[in-house]
Every structure is written in C-alpha cells, then in structure tokens.
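>>> structure here, sequence nowhere to be found:
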C-alpha cells in the first residue's frame, strides 16, 4: 500500500464460522454448564440486569483495578476486561455493564486502570503493560487460584491483547470489533470521509506531532473533540472543542483545515506515515498470528461498526485458519462499535441472537477451566 493510499472498505454480511473443535474435548456436562452460564450472561447484558455482584477497587501488582465477583458461590474463572481507548477508560459504563454481567454469570471480571487508555495512546508499551498485569493477577491465588486467565477486549485493545498473547498464554480470547491491519485502520481514519470523526481525531492525536514537531495546542483540540464525541455516545452534550478553539484561534484554523481539507490532510499523512509505518506493522495482529498462545480466539464484530470495519475481523479469522490457530468469527447486525442494537424481533433476529450466544458460550466455556487433555489444539 502506498504511503497515502486509502484502503477499500468492503461490504460484509452476517457470517458465523469456526475452525475449532476444542469444545469437543470437554465433557457434555461441562459444555452444558458453560452454555448455561453464557445464557445467563447474554440475558443479563441484553436486558440490562446487573445486580447480584460485588465490586471493589484494589491494587494488583502496581496497577489499580476494578474487581467484580459473584455475590454467591465460588467463581468458575477469571477474565480480564480491557476497555477501549477512550477518555473514560475503565469507568466507561459499557465496560462496567459487561463486567457485572460476567460476575453475575459466575466469573471474576478484572478491569485494569491505565492512563494510557484514557490518553488514547497507541504504543507498544500497552502490550508489555498487559503482559505484566496478567502475570501479577495470576500470582494472586486469592483472585486467580487456577493461575490462568481469559481476556475480553474491544477495538484497539483487542489488537493489544492478541499481540500480548504471543508473550503470555491465555485460556481464551474474545475480541470485539478487532482490527488486523493497523495500517488499514490508520489510513481509513486519517483519509476517509466517514461521518464519525472519533477515529480521525484519535489518530492525529497520536501522530500529528510527527508532522512538524510538538504542537500541544493542536493536541488539546484533538483530545477535546475525542471527549465531545465520546460523551455524545452517552447522550452527554459537551462543547470542549468549541471552548478550546476560542482559546487557541491559530490552532483552530489549522485544525479546521486538517479536518475538512482533503488535500491538506493527504499532504500531512504522506509526510508523517513513513515515521509511523514500522510501529503500525508491529501493532498489526495479522503479523503475529502464528505465535499467539491460546486455546481459542473468538472474534465478534458489529456489522454497523463505523470505527473499525467488520472485514478486519473476517480477514483476521482467515489468517488464523491459514496458521492452523483455533478461532471463530461472528459478524452481527445486533452490534455497532462496542454497543448493542436491539431491533424488532423477527426470525432473523433470533438467528443472530443464537450466533452471538454460541460465540460467547464457546469463549466462556474455555474461560471456566483448562482444556481436559494434555496439549492445546
């Protein structure tokens, strides 16, 4: 791909595929229990039932984390829940809801706190941080007596989790709205004409300084728009960008030109892309597939995801198949970008619910315990 060539975003339909037979290694009883837990989880998530769990904040290693546990009974597995890159980080209500649904289904859900997530940082450091945190959790016998974890991650953090799995074994991985090729994602957001500008501002927030040196005023404008956009998804109206543009009129002029002048934007991207290409190559999970260590990777992607195209998950799945890595993929009209969409029920709706249920059930069954045979598929 050329330094400023915009990748094509193909139209994707709802699909459900798998190349894994790992579930057949479990007893019928274990599968029934796993699928029942998945049913409870999905019902809680879809019907907004989040009670009956304990939640506490504590230090694990040197990282502060939110720990969600079942109110009754012994937990059956431990799952790290990684938030996406957003100003709210681990406090994102969607992350809390997901974690409570997991705890209410019998799991310990752990959400690490990270300034890098809140600061929308895209770097290799997050991968090393994740590996270190995973090791710290597994050393805590009071939290993780089995010494093994599973991971749920979304969007860019899904890429971090997949690459971290080349350095650390995880029982199972659930990647929601994942990307495979970082170059594709960066180019689409920097050069594309999508209505949602969250991705564009996030990319320029990370990389604009490579264009003409550090520009703290422009970075403040990018982050203000990221925050406004993020708040809009929670029906909160803020005008941080407007206020910052009034404060920095010269930067505001440059910002508007960058956002709305396609020729100017292409010039900037052509200048900075050679400086970030190597980093993006490393941060592309498709370049690490053969080294990933897990029993199963489950890809779930919303067809209406306007930030990362669902074709990214499909392409990643095909890479897993080619590398003989156990995986499944489901693209669903019931999801957007890490948010649920519940239409008027019809036959197709129930088929899509079943496909999502089966994907979550596979992940949660493996998260409940080790594969009951020596070696891993």
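Received the coordinates, thanks. Since this is a predicted model, take the numbers as computed values, not measurements.
>>> contacts, neighbours, all on C-alpha from now
Noted.
>>> what helix or strand is the closest residue to residue 139 other than its chain neighbours located in?
If the residues on either side of it in the chain are set aside, residue 139 comes closest to residue 147, at 6.8 Å by CA to CA, 6 or more residues apart in numbering. Assigned by DSSP states H and E, residue 147 falls within no helix or strand.
>>> burial count for residue 147?
Using other CA atoms under 10 Å, residue 147 is surrounded by 15 other residues.
>>> any idea how far it lies from residue 137?
Going from residue 147 to residue 137 by CA to CA, to the nearest Å gives 8 Å.
>>> do the same with residue 256
Using CA to CA, one gets 45 Å for the distance from residue 256 to residue 137.
>>> same check on residue 218?
Counting by CA to CA - residue 218 and residue 137 are separated by 38 Å.
>>> likewise for residue 170?
Taking CA to CA, one finds residue 170 at 12 Å from residue 137.
>>> give me the more crowded residue out of those two.
Set side by side, residue 170 and residue 137 show more neighbours around residue 170, with 24 against 21, by other CA under 10 Å.
>>> quick one: residues contacting that one.
Neighbour list for residue 170: 148, 149, 150, 151, 293, 294, 295 [criterion: CA atoms under 8 Å, 6 or more residues apart in numbering].
>>> how does it look with 7 Å?
Residue 170 makes contact with 148, 149, 150, 293, 294 under the criterion CA atoms under 7 Å, 6 or more residues apart in numbering.
>>> can you add secondary structure and give those back as CSV?
Shown next, in CSV, are those (DSSP: H, G, I helix; E, B strand; the rest coil):
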residue, secondary structure
148, coil
149, coil
150, strand
293, coil
294, strand
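>>> and residue 143, how many neighbours?
19.
>>> revised request: answer the last question for residue 183.
By the criterion of other CA under 10 Å, residue 183 has 22 neighbours.
>>> one more: residue 350?
Using other CA under 10 Å, residue 350 has 11 neighbouring residues.
>>> return the distance of the helix or strand of the chain with the lowest mean pLDDT from the chain's centre.
In the chain, no helix or strand scores lower on mean pLDDT, DSSP states H and E than helix 182-191, which sits at a mean of 84. Chain-centre distance of helix 182-191: 17 Å, with CA atoms, centre = their mean, to the nearest Å.
>>> ok, residues contacting the helix or strand that comes right after it?
Downstream of helix 182-191, the first helix or strand assigned by DSSP H and E is helix 198-207. Contacts with helix 198-207, where a contact means CA under 7 Å, 6+ apart, come from 120, 121, 122, 186, 189, 190, 219, 222, 223, 226, 229, 307.
>>> can we see that at 8 Å?
Against helix 198-207 from outside (CA under 8 Å, 6+ apart): 120-122, 186, 189-190, 219, 222-223, 225-226, 229-230, 272, 276, 307.
>>> what subset of those residues is buried?
120-122, 186, 189-190, 219, 222-223, 225-226, 229-230, 272, 307 (16 or more other CA atoms under 10 Å).
>>> low-confidence regions, the stretch 251-377 of the chain specifically.
Residue ranges of the stretch 251-377 of the chain with pLDDT under 70: 337-347, 373-377.
>>> what ranges does it have for its helices?
For the stretch 251-377 of the chain, applying DSSP state H, counting those that start in this stretch gives helices covering 262-282, 311-322, 347-367.
>>> check which helices and strands the last one sits against.
Think helix 347-367. Applying 3 or more CA pairs under 8 Å, 6 or more residues apart in numbering; DSSP states H and E, we find helix 347-367 packed against helix 28-47, strand 170-176, strand 294-302, strand 327-332.
>>> in the stretch 1-150 of the chain, which spans are helices?
With DSSP H, counting those that start in this stretch as the criterion, the stretch 1-150 of the chain has helices at 28-47, 93-103, 115-118, 125-138.
>>> turn those helices into a markdown table, columns for distance to residue 83 and mean pLDDT.
Below are the helices of the stretch 1-150 of the chain laid out as a markdown table (distance: least, CA to CA, whole Å; pLDDT from 0 to 100):
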| stretch | distance to residue 83 | mean pLDDT |
| --- | --- | --- |
| helix 28-47 | 16 | 89 |
| helix 93-103 | 6 | 92 |
| helix 115-118 | 8 | 90 |
| helix 125-138 | 12 | 96 |
